[in-house]
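> Attaching a predicted model along with its sequence, questions to come.
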Amino acid sequence: MKPLLYVDGYNIIGAWPAAAQAGWPLDECRDRLIHLLQDYAGYTGQEVWLVFDGYRADRQVRSVDERDGLTIVYTRHGETADHFIERQCQQLPKYREARVATSDGVEQTIILGRGATRISARELWRELNAERSSGRDRHCMPSAQQRTSLGAALSREQYAELDRLRRQK
């Protein structure tokens, strides 16, 4: 079973140095965070849930959207991301490895009591950046073992024909 990571979206955006420095609007921050977490889920093989507060929204129903290994949740009116994540952690089987990314001190204490581990926003940003660089390296530069010669990819007949053509000079 894949490790599970719950991310408190607005809490993480609030601790995002690049967003604060660039002055991105909230919708752009959400879109960028979604993209980064999709990459992260793909690189690490984790199941990632990104949860945004709908506490003050007019939305009466919770919405759940799945995109490329990332589950995005917008909570309903009156429900915070913290409460949603707490309930999810409470319902997990004891053997399921789960982490929660938030810098909210009270939330960290509650989720620790529910069997999940915590990761602060700063730690998550460090992890995202490190994994993105190493993941990019893994995909761009195959190791010597992953590289194959043309000869290894051809059938014996194809290789013999190419060898015959090469020798005809």
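Received, thanks.

> can you pull the buried residues of stretch 108-117?
For stretch 108-117, the neighbour count (16 or more other Cβ atoms under 10 Å) marks 108, 110-111, 114, 116 as buried. (Glycine included, C-beta is placed from N, CA and C.)

> Endpoints of it, how far apart?
Start and end residues of stretch 108-117 are separated by 8 Å (Cα to Cα, to the nearest Å).

> cool, and stretch 15-33?
With Cα to Cα applied, stretch 15-33 spans 12 Å between its terminal residues.

> could I get the buried residues of stretch 108-117 as a markdown table with distance to residue 51, pLDDT and secondary structure?
A markdown table is the format used below for the buried residues of stretch 108-117 (distance: Cβ to Cβ, whole Å; pLDDT from 0 to 100; DSSP: H, G, I helix; E, B strand; the rest coil):
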| residue | distance to residue 51 | pLDDT | secondary structure |
| --- | --- | --- | --- |
| 108 | 15 | 75 | helix |
| 110 | 14 | 82 | helix |
| 111 | 12 | 80 | helix |
| 114 | 15 | 75 | coil |
| 116 | 13 | 86 | coil |
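
> Just flag the most distant two among those residues.
With Cβ to Cβ as the measure, no two of the buried residues of stretch 108-117 lie farther apart than 108 and 114, at 11.0 Å.

> Give the residue spans of the chain that score low on pLDDT.
Along the chain, the parts satisfying pLDDT under 70 run over 55-57, 135-152, 169.

> Strands of that one, residue ranges please.
Using DSSP state E, the strands of the chain run over residues 4-8, 47-52, 63-67, 70-74, 98-101, 117-119.
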